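# I need the structure of the sequence given here:
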Amino acid sequence: MSAMLAVVINCQNINNNKDTVMPHSLVSSNNKPWILSGSELSPFHLKVAAILRAKKIPFRDFPSEGNTFENVRIQLRLKLLKAGLLKLTYPEFTEYDEFPLVPFLFGPNGENLYDSSAIAHWLDRNTDTDSVVNAGDDKQNFLIQLIDEYFDEFGLYMVHHSRWKTSATNNTAGRRLANEMPAIAAPFRSMIDDFFSHRQIRRLPYLFSVAPKNFQIEGLSKKKQPPSHHDCPATHNLIESSYLNILNALEPIFETRPYLFGQYFTLADASLYGQLGMNLTDPSAAQWIKTTAPHVFAWLNRVHQGDFSDHKPDSTLVIDDLLKPLLTEIIRIFYPLMKQNEVAYEQYKRAGETQFNEPAFWREKCLYQGALDGQAFSSVAKSFQVKTWRQIKQHWQQLPPQSQTELAELFSGIDTLAAID
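Got it, this is the predicted structure:
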């Protein structure tokens, strides 16, 4: 049973693996499919699945498509990776990182990959498939990275909030996770459902979703109520207004063209789909998306069904005014959040703190107070967001001045990334 539950509860961190990039390989060099280990409940799992389908890389989805023996073997492989007894192929594990719960991607030639964006980069470089990361233009490449990281970091907050608050009365996430497990787990499915649902609801304040004091959803049991937190200001309005802004920004794009940048599916599309696509299976949240942004809803469903018929690998990516509202919202929220997190991280690091992220949050360590668009929030300093932010800053600073100027025009009405220090 422990192997079956490992995908739910195993979240250990390690810091002693090295980057050992494998030689160039073909997609089907030995006719074996890749194995994507995770759960469709995870937006990062959905993101990687979309990338694999867009690249036409055959894969099996674990645990749902594996038998008991295969799943035990995969869980053992994960434990060996996390213990440092099996080498990671990519990316290098640094002091800023923590292992995700899911997904991991295992290749037919022994490849061991984690981190959804890193997986996309590795597949671009090491398989004979269409690139989803490198558009061939420095401005386009920067925007792909920026949109990808925004949805991975802040988009994650929006969709978890929407699942466990907006769809609090009718989401079936715990039950669906339990049903993904092999038949041997059948007697424990009710326990898995309860455990997972309670765990995710309890984690909402860590994931930026903090209910107002005495907040109650009528007809919902106490243990399923979205929680407040004594050290954190309420953020429901902040998250919901940001989600609405994003849907309103995306709607005219997908009313006009099949992907964010035209007729070419990129990592930015994959990240957007992974996050918002997570809410397709949450009834109230899905209905809200459909009502608010019907073209976005239709697009999410097409990607979910693996329909990439509109993807034209020889087409040119488009940067135009349709992207302005999306980029303005991203920079309005993402830029100040990442900057405030980095400042807090550095302050705590200088003070001798060594524990960050979720473990620190539950110990009420490394907390900081901030504001987004005039709304107060409290969060824990997150080392992996520091890494993300520094990579974005480095990418920006390496752009030619003319490219920076042209991009800054898209970030209308707010401070631009040109002011990064």
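# so how far is the host helix or strand of I74 off the chain centroid?
When elements are assigned from DSSP states H and E, I74 belongs to helix 68-82. Going by Cα atoms, centre = their mean, to the nearest Å, the spacing between the C-alpha centre of helix 68-82 and its chain's C-alpha centre is 23 Å.
# Quick one: list the elements packing against the helix or strand just after that helix.
The helix or strand immediately downstream of helix 68-82 is strand 104-106, counting by DSSP H and E. Here strand 104-106 is seen to pack against strand 34-37, helix 68-82, strand 112-114 when contacts are counted using 3 or more Cβ pairs under 8 Å, 6 or more residues apart in numbering; DSSP states H and E. Every C-beta, even on glycine, is put in place using the N, C-alpha and C of the backbone.
# picking up where we left off before, who does the helix holding I74 touch, helix- and strand-wise?
When contacts are defined as 3+ Cβ pairs under 8 Å, 6+ apart, helix 68-82 packs onto helix 2-9, strand 34-37, strand 59-62, strand 104-106, strand 112-114.
# I'd like the mean pLDDT over the second one, please.
Going back to what we said before, that points to strand 34-37. When pLDDT is averaged over strand 34-37, the result is 97.
# The last one now?
Regarding strand 112-114, the rounded mean pLDDT is 96.
# Same check on the third one?
Strand 59-62 carries an average pLDDT of 96.
# Give me the contact list for it.
Counting contacts by Cβ atoms under 8 Å, 6 or more residues apart in numbering, the residues outside strand 59-62 that touch it are 33-38, 40, 49, 52, 66, 70-71, 74, 105.
# can you pull the buried residues of stretch 205-225?
Buried residues in stretch 205-225, defined by neighbour count with 16 or more other Cβ atoms under 10 Å: P205, Y206, L207, F208, S209, V210, A211, Q225.
# Now the two most distant members of the residues you listed.
F208 and Q225 (17.3 Å; Cβ to Cβ).
# what distance separates the strand or helix carrying K290 from the middle of the whole chain?
Counting by DSSP H and E, the element that carries K290 is helix 283-292. In terms of Cα atoms, centre = their mean, the centre of helix 283-292 is set 20 Å apart from its chain centre.
# Quick check: mean pLDDT of stretch 68-83?
In this model, stretch 68-83 has an average pLDDT of 93.
# Put the alpha carbons of it into PDB.
Taking only C-alpha atoms (Å, rounded to 0.1, in the frame of the first residue of the first chain), the coordinates of stretch 68-83 have been written out as PDB:
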ATOM      1  CA  THR A  68       0.600  -3.200  -9.700                       C
ATOM      2  CA  PHE A  69       4.100  -4.600 -10.400                       C
ATOM      3  CA  GLU A  70       4.900  -1.700 -12.800                       C
ATOM      4  CA  ASN A  71       3.800   0.900 -10.400                       C
ATOM      5  CA  VAL A  72       5.800  -0.600  -7.500                       C
ATOM      6  CA  ARG A  73       8.800  -0.600  -9.800                       C
ATOM      7  CA  ILE A  74       8.300   3.100 -10.800                       C
ATOM      8  CA  GLN A  75       7.800   4.100  -7.100                       C
ATOM      9  CA  LEU A  76      11.100   2.300  -6.300                       C
ATOM     10  CA  ARG A  77      12.800   4.200  -9.100                       C
ATOM     11  CA  LEU A  78      11.500   7.500  -7.600                       C
ATOM     12  CA  LYS A  79      12.700   6.600  -4.200                       C
ATOM     13  CA  LEU A  80      16.200   5.800  -5.500                       C
ATOM     14  CA  LEU A  81      16.200   9.200  -7.400                       C
ATOM     15  CA  LYS A  82      15.200  11.100  -4.300                       C
ATOM     16  CA  ALA A  83      17.700   9.300  -2.200                       C
END
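# on that earlier part again, I'd like the helices and strands packed on strand 104-106 laid out as JSON lines, including mean neighbour count and distance to D282.
Listed next are these as JSON lines, based on neighbours: other Cβ atoms under 10 Å; distance: least, Cβ to Cβ, whole Å:
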{"stretch": "strand 34-37", "mean neighbour count": "22", "distance to D282": "22"}
{"stretch": "helix 68-82", "mean neighbour count": "17", "distance to D282": "26"}
{"stretch": "strand 112-114", "mean neighbour count": "23", "distance to D282": "26"}
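# Need these in a markdown table (columns: distance to M158).
Written out in a markdown table, the entries for the helices and strands packed on strand 104-106 read as follows (distance: least, Cβ to Cβ, whole Å):
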| stretch | distance to M158 |
| --- | --- |
| strand 34-37 | 24 |
| helix 68-82 | 28 |
| strand 112-114 | 23 |
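# what's the closest of these to S131?
Comparing those by their distance to S131 (Cβ to Cβ), the top pick is strand 112-114, with 16.7 Å.
# Name the residues of the helix or strand just after that closest one that are buried.
Toward the C-terminus, strand 112-114 is succeeded by helix 116-126 as the next helix or strand (DSSP H and E). For helix 116-126, the buried set under the neighbour-count rule, 16+ other Cβ under 10 Å, comprises S116, S117, A118, I119, A120, H121, W122, L123, D124, N126.
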